[in-house]
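Trainee: here is the input, now give the coordinates:
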Amino acid sequence: MKLRVIAASLLVASTAYAQAPGDYETEQIAAPGMAPVVAPVVVAAPAVRRWSVGLGFGSLELAPHVAPDATTEFDVGQIYLRYRPWRHLELELALGGGHEAEGDEGYVGGREVSSAVLALRYRFNPARKWNWWLMAGMGSLAVTREGASDEEREAAHQSTLQFGAGIERRWTRFALQFELRAVGVAPHEIDEMTVKVEPTGTMQPLPPNSEPGRANDGMKGGSFVFSGNYYF
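Mentor: Numbering: from 1, shown residues only. The predicted structure is shown next:
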């Protein structure tokens, strides 16, 4: 009788622990004293997009150093090509131009501006959705009458230094940017000392005791631009 009870108990226990093949997940059981073998997990790094192109619109204000209250406003557009060779530093080539904006009384001026600037930007958070930067750039800028010839534009070009800051909201490939810049334009030097170049691009006789080589005292001002940027 006791043997039957013991045999029945063993049969019930073996049935409770038995499982058909495929009813459980196999596990790697390490031998005593050995660590279990774990397969390495490989996570793909996100693609780094170092090139981008942009298109922006905004406003530029300039005034002669000798007459800081005589401000002229231009509606401008710009195109950009940018390359980021390092994590935080980015190179930018910006080409822009525009026409004199409409005045308070509906007056539309007859001047236009064109520029080409090579800049260096320091990005503080290049891998985040919200990012801001500081920039410094130099290039050339010309203010001429509307419809000026290529020769007149070439003669009107002056050196420019620009400093600014901006902020960006970025998605995967597309971004919106806003940037403010301080703009300085160097004096325009000419060979003949009998004329001077006005900000309008016209030539006027030099006043007495003018400093040689400084026909135009230069300009200063600022700009703001909204732009869209595409990374690739």
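
Trainee: the residue nearest to Leu89 when sequence neighbours are not counted sits in which helix or strand?
Mentor: Computed as CB to CB, 6 or more residues apart in numbering, the closest residue to Leu89 that is not its neighbour in sequence is Tyr122, at 6.1 Å. (Glycine included, C-beta is placed from N, CA and C.) Secondary structure assignment for Tyr122, by DSSP states H and E: strand 111-123.

Trainee: picking up where we left off before, okay, and the beta partners of the residue nearest to Leu89?
Mentor: Tyr122 has the following beta-bridge partners by DSSP bridges: Leu89, Leu134.

Trainee: per-residue pLDDT, it?
Mentor: Predicted confidence (pLDDT) for Tyr122: 98.

Trainee: now do the buried residues in the strand holding Tyr122.
Mentor: Residues of strand 111-123 classed as buried under the neighbour-count rule (16 or more other CB atoms under 10 Å) are 111-115, 117, 119, 121, 123.

Trainee: backbone dihedrals for Pro85, both of them.
Mentor: The phi and psi values for Pro85, taken as degrees, to the nearest 10, are phi -80, psi -20.

Trainee: should've said Thr172
Mentor: Recorded main-chain torsions at Thr172 are phi -60, psi -50, according to degrees, to the nearest 10.

Trainee: in three-state terms, label Glu151 for me.
Mentor: Under the three-state scheme (DSSP: H, G, I helix; E, B strand; the rest coil), the conformation of Glu151 reads as helix.

Trainee: that one: neighbour count?
Mentor: 8 (other CB atoms under 10 Å).

Trainee: do the same with Val48
Mentor: Neighbour tally, Val48, other CB under 10 Å: 10.

Trainee: mind telling me what element it is part of?
Mentor: Counting by DSSP H and E, Val48 is part of no helix or strand.

Trainee: quick check: it vs Trp86, distance?
Mentor: Val48 sits at a distance of 11 Å from Trp86 (criterion: CB to CB, to the nearest Å).

Trainee: show me the contacts for Glu179.
Mentor: Residues counted as contacts of Glu179 (CB atoms under 8 Å, 6 or more residues apart in numbering) are 56, 135, 164-167, 224-225, 227.

Trainee: which of these fall within helices?
Mentor: Among these, none falls in helices (DSSP state H).

Trainee: of those residues, closest to Val183?
Mentor: The shortest gap between Val183 and any of the contacts of Glu179 belongs to Gly164, at 8.8 Å (CB to CB).

Trainee: shaky segments in this protein?
Mentor: Within the chain, the segments meeting pLDDT under 70 span 1-47, 104-108, 189-216.

Trainee: quick one, helices of it?
Mentor: Along the chain, the stretches classed as helices by DSSP H are 2-17, 150-156.

Trainee: for the residue nearest to Leu89, what are its contacts?
Mentor: Tyr122 makes contact with 88-90, 133-135, according to CB under 8 Å, 6+ apart.

Trainee: mind putting those into CSV with neighbour count?
Mentor: What follows is those, written out as CSV (neighbours: other CB atoms under 10 Å):
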residue, neighbour count
His88, 12
Leu89, 14
Glu90, 20
Trp133, 22
Leu134, 13
Met135, 20
